[in-house]
Each structure stands twice: as structure tokens, then as C-alpha cells.
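J.: give me the fold of what follows.
(one chain, ligands or ions: 4)
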Amino acid sequence: MDPRNCVLISLLGYIVTFTNLLYTTCSAVSAKTIFLEENAPTIEEVDFMKMYGYLPQVSLSESETYTGQSVADAVAKMQSFAGLPPTGYLDDETRKLFKRRRCGVKDIETKSEVHRRKRYILQQGWGKKAITYRVINGTGTLPKSRVETLMSTGLEVWAPHGGLSFRRVDQGKADIQVSFASKDHGDGFPFDGPGHVVAHAFPPPHGAMHFDDDELWGDGAADDDDDVTDFFAVAVHEIGHALGLSHSNVKASVMYPYYQVPVEKLHEDDIMGMQELYLKEDVHSPAASSEDRTESIESGRSSLAPRFTKAESEEDDENDVPDLCYTNYDTIQVIQGRIYVFEEEWVWVLSERKQIVEGYPKRFHDVFIGLPKYINVIRTIYEKQNGHIVVFSGRSYWEFSARFRLVKRGRITEYKIPQVPELTTVFISNYNNKTYLIEYERYWRFDEATRTMDRGYPKEMSAWRNVPYPVDAAIIWKEDTYFFRGPRFWRFDNVQIRAHQYYPLPTAQIWFPCRASPDMMQYTTNDEP
Ligand SMILES: *[C@@H]1O[C@H](CO)[C@@H](O)[C@H](O)[C@H]1NC(C)=O
Ligand SMILES: *[C@@H]1O[C@H](CO)[C@@H](O)[C@H](O)[C@H]1NC(C)=O
Ligand SMILES: [Zn+2]
Ligand SMILES: [Zn+2]
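T.: Ligands and ions are numbered 1, 2, ... in the order given. Reported below is the predicted structural model:
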């Protein structure tokens, strides 16, 4: 018999009871459960574990009991989320967690385990880039004007990672409303006096941020033991919630639930959450309305078994398909608002919500019909402004209509560039609508309207500061330029004319439905030129 049925902790007093029946039917009781009998959590500790989602809420009418095992599991989960060894054992270090200052938002969404495929996800974003905020009031130690300044600084920490802009308003309803309140303040989540819960915030579309007015709020705090709670550190965290992020179990991240100072910058875990929420949502996909590609319409099913979804006709090919999550990519391009990923003879098509479109991967020869069979890899492809799709191979190109019908074949010299052996990347910049043709270390800029090469080209790839080369792909996505190489990608800042400082990041976990893995961290160190 399973030991989890052996020990019951009664909610009325939390006394562990062994009934005679259980004694006789349980052949073994684990050390863990015996420990809990001697060292059961207090009512407050059980409440804590319920409040933050580690223990399920039980309805009062049902048997008001948690098994020893479920409490031990909850303790282990809580330890693990906090970065402690998950022993399931309520040692002193663990008990300190119950007392620590922290955010009042749940760590684990108990009802939606399925959605927690990634640590840093997620509720939903605002679905827009321009967000308003309003500071309703301040607190004894921080006047409203100072709170406004600190909020503004805090919001700017997040803004670049979602391409967001924040505007303060002084009256009326703002998206994010900031106030100080104590105890019961009307939202069903009363504060608890000094200590423990110091603030909470609601995800979009609610967006409220509440700070516990019973804390001693400061403008900077020396360390965690200080009586003063640093407003800025807490505000940066709560802004994350107001933008849609959940708690992270990464201790160095801003979205870690326990109070930590100082907060200087976001961790890549926080950044990935933002990208997930704001750099990938709500892109209109023209392909979905295109008449003759109805086979590409997504189905909800595709996200469940994304990697090896295969067409009916490809029964035996499963093992040949590379794993999208663990590979380099020959190239990536945005075509008709969707992301096309090429690797070996395969192409995946992903919706703007990074779900693999049903039926993919397919062999690219089955998509680009008319491409010569000797072409066994697509390294360079781009979508022209007239909607045509051009595949380059060697010194030739093949041009397809928006309906994927071969229109013509030509030579790359028609782009007024020399007979280079091979282009690695071609893309149209949204900045100037020019076509960039990239070889290994050089690139040309072509004007499709006049069909002329711009003066002064080729130029060196080093002009794209902090972007490694040769690149495998470059795409425009939500008005930003991204470069891909191997398993990583860089976001290019057209204003600073350099790769954004937090890049590279791993391609698979950001762009494709791949889980975060320990391996991904090795991809995030910039050891490239
Ligand atoms: C601040 O405003 C909130 C929301 O209107 C209110 O509940 C709270 O009592 C106010 N706090 C103070 C300190 O005035
Ligand atoms: C680029 O072309 C698009 C579509 O023709 C147009 O809307 C946009 O204004 C152009 N951008 C620039 C910078 O010329
Ligand atoms: Zn929080
Ligand atoms: Zn509140």
C-alpha cells in the first residue's frame, strides 16, 4: 500500500493520526512521513503553503485532511522554488521561509500545472506597447512624487525588453495603478501588518500594484535584515507581475518571490519572460487568410505534440527529422507573418504564437515545388515586398509566388552583386526597405524599386556591431531585426547600431516550443566576436 495513504494530518489541529486500520494495512511508513508526525507544520505554515499554491485548497465540506506525503511534497516544492534542497523536511532553514519578507502573489498556479512548462511564464501581456500608469498615493516615508520617480525608473528597467513605452497619468484610470494600503483593502487579498507580505500586483488586464502601508518603506536598503523595505527593489518585481510575469524559481531573477536587495538589473530569466509576452504576441498573420493555404491553418492540437507532427504521407520518416529543440538551423525567415525554419531537407512553419503549424515539419521540396532536386539545403530565403518568395542556392535563385508556385529562376548577378559563391542571408530591412544581401564577411545593399546597388557597398559585416558573422539568418520581427547563428540569436538595436546588450539568447527556447533546459544556459554566453 502506498504510504501516502497511511498518515493523515487533520486540519483541525494538525495532529497526525494513525488509525489502527492504517497501522495494520501499511507495511512501511517512510521516514519523511514519520518526521512530519513529529514536526508537522503549524496552522500558519499550512496556510502559507496553501496561499502560495504548494498545497491544494481543500473545500471545507470535504475531508479536511492532507496526507503526510502531500505535505512533505508541498514542503519539497517550496524548498525547491526557494533554491533550498528539496528534502520535504521542515528544517530551520526552511521554516525561515515562512517568515521572510516576500511578494504576496502565488508561486504556483495550482490549477494550471500544464501551463507551467517554463519557469518564467506567464499570464498574458497587455496586448499593446503603450502602457499608462498612475501613482494614487505615497506612504509616510515616501511622498507620492518620490514614488512616481522610482516607478518611472523601475518601468524603464523593463521597457526595452518588451518594446514598451510607459506614460504617467495623473487622473482617471491607468493601466497600472499604484497605491499603498494596509490590511483589508478591498481586493480579497488583505495585507498582514509589518513583515512577511510586503506587496502584490495583478496581471493584465487588471494591473493594480499594492504596497503594504504597514511596512517601513525606504529609498534604498542595506540588506535583507534591515527593517527598511526598499521600495525600488519591490516595485521592479511587482512591475513584472503588472506586465504579466509570474514568479521564477531562479534566485538571481527579479521575479524570485522572496525579498532581495539590491535590484540592479533584470536576469535573463526575466528577459525571456518579457520576450515571450511582448515580442511574440498579436502579430497579424496574413497567411491565415490566404486562400489556397488552408492546410496550414493551425489546430489546437499542434501545440501538444509539436515536434514530430507529421503529414499522413510521411509515416516512416519520423526518425529522420532533426529535433527542432536541439539543432543549429540552416536558416530562418518570416514569410507571410509566420516563421519558417529550415534544417536539412525539412521546413517547420510556426505561428506567431510559436506553435508548429499542423502538418509540419515537411520536406521543403514538398513546399517549394519546382526547386531542383539537387538542392538539398536551403540556406538563404527571403520574402520580397511584392509577396514573392526567393530561395537562393549557389549563384542562382528561384522565385515563388505568394502561393508557392515557381515563377522564375535567375542569377544572383541580377541583384547587381558579383558572382559570390554563396549568400548566407538575405533580408529586407524595415528601417529603409532595402534588401541586404549578406555573404560571409561582406554585405551589399540593394534597392528593389530601382533595381540598383547602393553606393559604397559591399561593406564589412563588422559594421553590425556585436553581431557575429557569418550569420545563418536575419529576420524582421515586430519591427526589430534579429540575427541568428548556430543555436543562438541576437537582437539588433537600429538606434544604437549594435546588438542589444542582453543577447545572445538561445533560439529554440525563445522562438520555438522548446522547454528551458540546463543546456540553454551555455548558449547565452557571448563568446563570439
Ligand atoms: C491609497 O489609495 C488606496 C486606493 O485608493 C486606498 O485604499 C488607501 O487607503 C490609500 N492609502 C493612503 C495611505 O492614503
Ligand atoms: C516600406 O514599405 C512599406 C510598404 O510598401 C511602407 O509602408 C513603408 O512606409 C516603407 N518604409 C520606408 C522606411 O520607406
Ligand atoms: Zn511577486
Ligand atoms: Zn491588494
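
J.: ok so E148 is a strand residue?
T.: No: E148: not assigned to a strand; according to DSSP: H, G, I helix; E, B strand; the rest coil it is helix.

J.: now for it: which residues touch it?
T.: By CB atoms under 8 Å, 6 or more residues apart in numbering, E148 lies in contact with 135, 168. C-beta here means a position set from N, CA and C on the backbone, and glycine is covered the same way.

J.: which helix or strand contains the residue of the chain found nearest ligand 2?
T.: Of all residues in the chain, N433 sits closest to ligand 2, at 3.8 Å by CB to the nearest ligand atom. Counting by DSSP states H and E, there is no helix or strand that carries N433.

J.: I'd say it and F427 touch.
T.: No: under the criterion of CB atoms under 8 Å, N433 makes no contact with F427, lying 11.3 Å away.

J.: count of neighbours near the closest residue to R101 other than its chain neighbours?
T.: Distance criterion CB to CB, 6 or more residues apart in numbering; nearest residue to R101, sequence neighbours excluded, is Y259 at 3.9 Å. The tally of other residues near Y259 (other CB atoms under 10 Å) stands at 20.

J.: can you list the residues of the protein near ligand 1?
T.: 136-137, 179-181, 185, 213 (CB under 6 Å from any ligand atom).

J.: at 8 Å instead, please
T.: Residues of the chain lying close to ligand 1 (CB under 8 Å from any ligand atom) are 136-140, 177, 179-182, 185-186, 213.

J.: my guess is the residue nearest to R101 meets L97, correct?
T.: No: counting by CB under 8 Å, Y259 stays clear of L97, with 11.5 Å between them.

J.: between N433 and F427, which is the more surrounded one?
T.: Neighbour totals were compared for N433 and F427, and F427 leads with 24 against 11 (other CB under 10 Å).

J.: what residue, apart from its backbone neighbours, is nearest the more buried one spatially?
T.: Distances taken as CB to CB, 6+ apart place A474 nearest to F427, at 4.4 Å, with adjacent residues excluded.

J.: for the one you found, phi and psi?
T.: phi -140, psi 130 (degrees, to the nearest 10).

J.: what number of residues lie near it?
T.: As a burial measure, A474 scores 28 neighbours (other CB under 10 Å).

J.: go on, G456?
T.: 8.

J.: again with M453
T.: Here the number of neighbours of M453 (other CB under 10 Å) works out to 17.

J.: could you do D447 as well?
T.: Neighbours around D447, by other CB under 10 Å: 14.

J.: would you confirm that it contacts L437?
T.: No: at 11.7 Å, D447 does not count as touching L437 under the criterion of CB under 8 Å.

J.: ok, what's across the strand from the residue of the stretch 101-250 of the chain at minimum distance from ligand 3?
T.: Residue of the stretch 101-250 of the chain nearest ligand 3, by CB to the ion: C103 (2.9 Å). Residues in a beta bridge with C103, per DSSP bridges, are A199.

J.: and it, how far is that from T424?
T.: C103 is 46 Å from T424, where distance means CB to CB, to the nearest Å.

J.: now do the helices in this protein.
T.: In the chain, the helices defined using DSSP state H lie at 20-25, 31-38, 43-51, 68-82, 92-99, 144-162, 231-242, 268-278, 364-367, 507-511, 518-522.

J.: quick one: these as TSV, columns for distance to ligand 3 and mean pLDDT too.
T.: Formatted as TSV, these follow (distance: least, CB to the ion, whole Å; pLDDT from 0 to 100):
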stretch	distance to ligand 3	mean pLDDT
helix 20-25	39	28
helix 31-38	28	46
helix 43-51	12	87
helix 68-82	12	85
helix 92-99	14	91
helix 144-162	14	95
helix 231-242	5	96
helix 268-278	12	84
helix 364-367	45	93
helix 507-511	22	85
helix 518-522	23	50
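
J.: hey, which of those is tucked in deepest?
T.: Mean neighbours per residue, mean count of other CB atoms under 10 Å, is largest over these for helix 231-242, with a mean of 26.

J.: hmm, that one touching ligand 4?
T.: No: using CB under 5 Å from the ion, we find that helix 231-242 stays clear of ligand 4, coming within 10.5 Å at best.

J.: for that helix, which helices and strands make contact with it?
T.: On a contact count with 3 or more CB pairs under 8 Å, 6 or more residues apart in numbering; DSSP states H and E, helix 231-242 meets strand 102-103, helix 144-162, strand 176-181, strand 197-201, strand 209-212.

J.: centre of the chain to the last one, how far?
T.: What it means is strand 209-212. 25 Å (CA atoms, centre = their mean, to the nearest Å).

J.: what's near enough to touch E238?
T.: When the contact criterion is CB under 8 Å, 6+ apart, the partners of E238 are 103, 199-201, 209, 211.

J.: correct me, but K251 touches S80?
T.: No: checked against CB under 8 Å, the pair K251 and S80 is beyond contact range at 11.4 Å.

J.: find the closest residue to ligand 1 in the stretch 1-150 of the chain.
T.: Counting by CB to the nearest ligand atom, the stretch 1-150 of the chain gets nearest ligand 1 through N137, at 3.7 Å.

J.: the stretch 251-400 of the chain too?
T.: Here the residue of the stretch 251-400 of the chain nearest ligand 1 is Y259; by CB to the nearest ligand atom that distance is 20.9 Å.

J.: ok, now which ones touch that residue?
T.: 100-103, 198, 224, 229, 233-234.

J.: among those residues, which ones are buried?
T.: When the contacts of Y259 are checked for burial by 16 or more other CB atoms under 10 Å, the buried set is 101-103, 198, 229, 233-234.

J.: tell me which of those residues is nearest to A76?
T.: Nearest to A76 among those is R102, at 18.6 Å by CB to CB.

J.: ok, the residue nearest to R101 to A208 distance?
T.: Between Y259 and A208 the computed distance is 20 Å (CB to CB).

J.: also Y89?
T.: Distance of Y89 to A208, computed by CB to CB: 37 Å.

J.: ditto for E399
T.: 53 Å.

J.: and what of I332?
T.: From I332 to A208 the distance is 39 Å (CB to CB).

J.: one step back: any chance of the contacts of E238 in a markdown table, plus pLDDT and distance to F404?
T.: Formatted as a markdown table, the contacts of E238 follow (pLDDT from 0 to 100; distance: CB to CB, whole Å):
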| residue | pLDDT | distance to F404 |
| --- | --- | --- |
| C103 | 93 | 50 |
| A199 | 96 | 53 |
| H200 | 95 | 50 |
| A201 | 94 | 46 |
| M209 | 96 | 48 |
| F211 | 97 | 55 |
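
J.: now, which of the residues you listed sits nearest P361?
T.: A201 (40.3 Å).

J.: so who does that closest one touch?
T.: 103, 105, 207-210, 238-239, 241-242.

J.: list just the nearest of those to ligand 4.
T.: Among the contacts of A201, H210 lies closest to ligand 4 (CB to the ion), at 3.4 Å.

J.: and the closest one, how many neighbours?
T.: Applying other CB under 10 Å, we find 25 residues neighbouring H210.

J.: quick check, it in contact with D187.
T.: Yes: under the criterion of CB under 8 Å, H210 makes contact with D187 at 7.2 Å.

J.: spell out which parts of this protein neighbour ligand 2.
T.: 385, 430-433.

J.: in the chain, where is pLDDT below threshold?
T.: Applying pLDDT under 70 to the chain flags the ranges 1-38, 57-65, 109-123, 221-225, 280-319, 502, 516-529.

J.: would you map the strands across the stretch 251-400 of the chain?
T.: 331-335, 338-343, 346-350, 362-363, 380-383, 389-393, 396-400 (DSSP state E, counting those that start in this stretch).

J.: what sits against the residue nearest to F427?
T.: So A474 contacts 425, 427, 436, 438, 481-484 (CB under 8 Å, 6+ apart).

J.: now those: which count as buried?
T.: By 16+ other CB under 10 Å, those give 425, 427, 436, 438, 481-484 as buried.

J.: identify, from those residues, the entry nearest to ligand 3.
T.: Nearest to ligand 3 among the buried ones among the contacts of A474, with distances taken as CB to the ion, is Y482, at 29.7 Å.
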